[in-house]
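Visitor: sequence and predicted structure below; questions after.
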Amino acid sequence: MRADLTSKTDGPGFAPGSVVLAGAGPGGADLLTLGALRALQAADVVIHDRLVSAEVVALARAGAEVIAAGKEGYGPSWAQDDICALMVARALAGLRVLRLKGGDPAIFGRLDEEIEALEAAGIPFRVLPGVTAASAAAASLGRSLTRRARNSELRLVTGHDLKGYAEQDWRALARPGEVAAIYMGARAARFLQGRLLMHGADPATPVTAVANAAHPGERQVAARLGDLAETLAQAELAGPVMLLLGIAPRGAEAPAPALPEIGVKELTL
Ligand code: SAH
């Protein structure tokens, strides 16, 4: 069935010369929203980042121009300004442009920079949220990100910012029961561990890494804060990694083992 982007229940539609900035979710097509799917089927141009899975990109309308505009990793990298310029140029040419980003575009996705470029050029746009990686990682663990009597807040933090390793409110993060989803945190693991312990965090605090959440080949690694960097180094995770501070995988509630005994748990899907 052909998706109709102009249906009344569907918001303002996808007019020629406009841009939809959509989240693709963190994994395969089952975590894509219906809105993002409709936009994929209607777009003339799809500009996606490297976190968007091949399975999702394959849902683009036949004949659409598909541009992989990855900004990180080891392949050729796109500068943010070039991505903005490309979106603007294609929209000004009267095309329907879909900017597709991994997870939710509003979470560590440089969404504002892209919106500002569109606004400056007078291009109409619409944002469609997506499932963020923290939600997918928690779902894979069978865990809730909030829990009555444990944490009344959830922090979404980044391991890196413009200046390098990102500084945080460490004292708050070090409190017992604190839960944080740490994006781009794997390479900053030693720094995170050091800062948190320095601010009084319990070395037995669980930290669970989920690599490639919601993808085939997803891996979960259970660690404790006191051995986080070492456990991650041993696990040699590949692909994007979400660190969930304060969350253990199910079945890991048994009394905390002595630090050297903490194992690596791998999930085969
Ligand atoms: N906008 C995205 C986040 C982009 S920042 C979102 O909402 O999910 C990139 C970081 O997100 C990665 O370094 C990693 O920490 C996390 N990430 C994205 N996709 C992931 C996945 N499938 N599994 C684990 N972590 C993921």
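Guide: Cool, got the structure. This is a predicted model, so every value here is computed, not measured.

Visitor: show me what contacts residue 207?
Guide: With contacts defined as Cβ atoms under 8 Å, 6 or more residues apart in numbering, residue 207 is in contact with 223, 224, 225, 228, 243, 244, 245, 246, 247. For glycine as for every other residue, the C-beta is placed from the backbone atoms N, C-alpha and C.

Visitor: quick one: which of those is nearest residue 153?
Guide: Distance to residue 153 across the contacts of residue 207 (Cβ to Cβ) is lowest for residue 246, with 11.0 Å.

Visitor: wait, the closest one sits on residue 178?
Guide: Yes: Residue 246 is in contact with residue 178 according to Cβ atoms under 8 Å; the separation is 5.3 Å.

Visitor: residues from this protein in reach of the ligand?
Guide: Taking Cβ under 6 Å from any ligand atom as the contact definition, the chain meets the ligand at 26-27, 51, 101-104, 107-109, 132-133, 137, 183-184, 210, 212-215, 240-242.

Visitor: and the residue of the stretch 1-150 of the chain nearest the ligand?
Guide: Taking Cβ to the nearest ligand atom, the ligand has its nearest neighbour within the stretch 1-150 of the chain at residue 103, 2.0 Å off.

Visitor: count of neighbours near that residue?
Guide: 30 (other Cβ atoms under 10 Å).

Visitor: what does residue 80 give?
Guide: Neighbours of residue 80 (other Cβ under 10 Å): 13.

Visitor: how close does it get to residue 86?
Guide: 11 Å (Cβ to Cβ, to the nearest Å).

Visitor: cool, and residue 114?
Guide: Distance from residue 114 to residue 86, by Cβ to Cβ: 11 Å.

Visitor: between these two, which one's more packed in?
Guide: residue 114 (23 against 17).

Visitor: which residues of the stretch 1-150 of the chain fall in helices?
Guide: 34-42, 54-57, 80-92, 111-120, 133-141 (DSSP state H, counting those that start in this stretch).

Visitor: compute the inter-axis angle for the fourth one and helix 80-92.
Guide: I take that to be helix 111-120. Taking axes from the mean of the first three to the mean of the last three Cα atoms, to 10 degrees, one finds helix 111-120 and helix 80-92 inclined to each other by 40 degrees.

Visitor: what about helix 111-120, distance to the chain center?
Guide: Relative to its parent chain, helix 111-120 has a centroid offset of 20 Å by Cα atoms, centre = their mean, to the nearest Å.

Visitor: for the stretch 151-269 of the chain, which segments are assigned as strands?
Guide: Taking DSSP state E, counting those that start in this stretch, the strands of the stretch 151-269 of the chain run over residues 155-158, 160-161, 164-165, 180-183, 206-211, 219-224, 241-245.

Visitor: for the last one, packing partners?
Guide: Based on contacts counted as 3 or more Cβ pairs under 8 Å, 6 or more residues apart in numbering; DSSP states H and E, the elements that strand 241-245 packs against are helix 133-141, strand 180-183, helix 189-198, strand 206-211.

Visitor: CSV for the contacts of residue 207, including pLDDT?
Guide: Shown next, in CSV, are the contacts of residue 207 (pLDDT from 0 to 100):
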residue, pLDDT
223, 98
224, 98
225, 98
228, 98
243, 98
244, 98
245, 98
246, 98
247, 97
